[in-house]
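Trainee: Below: sequence and its predicted model.
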Amino acid sequence: MDRDRLISAYIGEKESLEKTKKTLDWYKDSFEKGDLSGGFSWKWSWWAFIGNWLYLLYRKCYLEGISYFLLVHMLGGLASKYMPNLAEMIGGASLFIGLLSGGLLHNLVYRRYLKSKTIIESRPVSSEETVKEMKSIGGTDKRAVIVGIVVYFALNTILSL
């Protein structure tokens, strides 16, 4: 099976538009780096830096995105609420975690791609069905980002009471 075709199907970008072609090229390069490094590489993404857990939800890495949110935001929020002297350190830690996220979160998308590809290719299906399944598993989910933002604000409102 053509690797580029599988990545295109999984990422859900069309090669025809210039912007989506850049996105697709970025992920192809990212996945190639992942292949060469054994699944862990550095590749900068402004979307992952700014959006971090929302980036993961957008890329359908739901468990990873929810886990990131709970670990980073909820623990940081609770620590600053119940340990006010840590509040100054949490701001610096958030920036550091954001920088790491910007360069490393694509690895979680890559690992999900590999897992999906392995599962699909382990079954006797045609190459067209493989592409079709990769499209349905991969792609993006804007609704998950909207739900994530709503949940974020709801939890912050509840915790601030």
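Mentor: Happy to help now that I have it. Residues are numbered from 1 along each chain as shown.
Trainee: What is the burial count for residue 26?
Mentor: Neighbours of residue 26 under the rule other Cβ atoms under 10 Å: 17. Where you see a C-beta, it was placed from the backbone N, CA and C, and this is true even at glycine.
Trainee: same check, this time on residue 35
Mentor: Residue 35: 13 neighbours (other Cβ under 10 Å).
Trainee: From residue 114, how far out is it?
Mentor: Distance, residue 35 to residue 114, using Cβ to Cβ, to the nearest Å: 9 Å.
Trainee: what touches both of those two?
Mentor: When Cβ atoms under 8 Å, 6 or more residues apart in numbering defines a contact, no residue borders residue 35 and residue 114 alike.
Trainee: which intervals of the chain have sub-threshold pLDDT?
Mentor: 1, 13-16, 77, 80, 84-91 (pLDDT under 70).
Trainee: Work out which residue lies at the spatial centre of it.
Mentor: residue 56 (2.7 Å; Cα atoms, centre = their mean).
Trainee: all helices for the chain, in order.
Mentor: Along the chain, the segments classed as helices by DSSP state H run 3-11, 18-37, 46-51, 53-58, 62-68, 75-82, 87-104, 106-121, 127-137, 142-160.
Trainee: Could you say which of those is packed most deeply?
Mentor: Highest mean neighbour count among those (mean count of other Cβ atoms under 10 Å): helix 53-58, with a mean of 24.
Trainee: Show residues contacting that helix.
Mentor: 45, 47-48, 51, 62, 64-66, 68-69, 72-73, 101, 105, 108-109, 140-142, 144-145, 147-149.
Trainee: From the chain's centroid, how far away is it?
Mentor: 5 Å (Cα atoms, centre = their mean, to the nearest Å).
Trainee: Same check on stretch 12-28?
Mentor: Here the centre of stretch 12-28 is set off from its chain's centre by 17 Å, with Cα atoms, centre = their mean.
Trainee: got it, and stretch 2-11?
Mentor: 17 Å.
Trainee: One more: stretch 38-51?
Mentor: Distance, centroid of stretch 38-51 to centroid of chain: 9 Å (Cα atoms, centre = their mean).
Trainee: What's the separation between residue 31 and residue 7?
Mentor: 6 Å.
Trainee: let me fix that: residue 61
Mentor: For residue 61, the distance to residue 7 - Cβ to Cβ - is 16 Å.
Trainee: for residue 71, same thing?
Mentor: 29 Å.
Trainee: now residue 156
Mentor: 36 Å.
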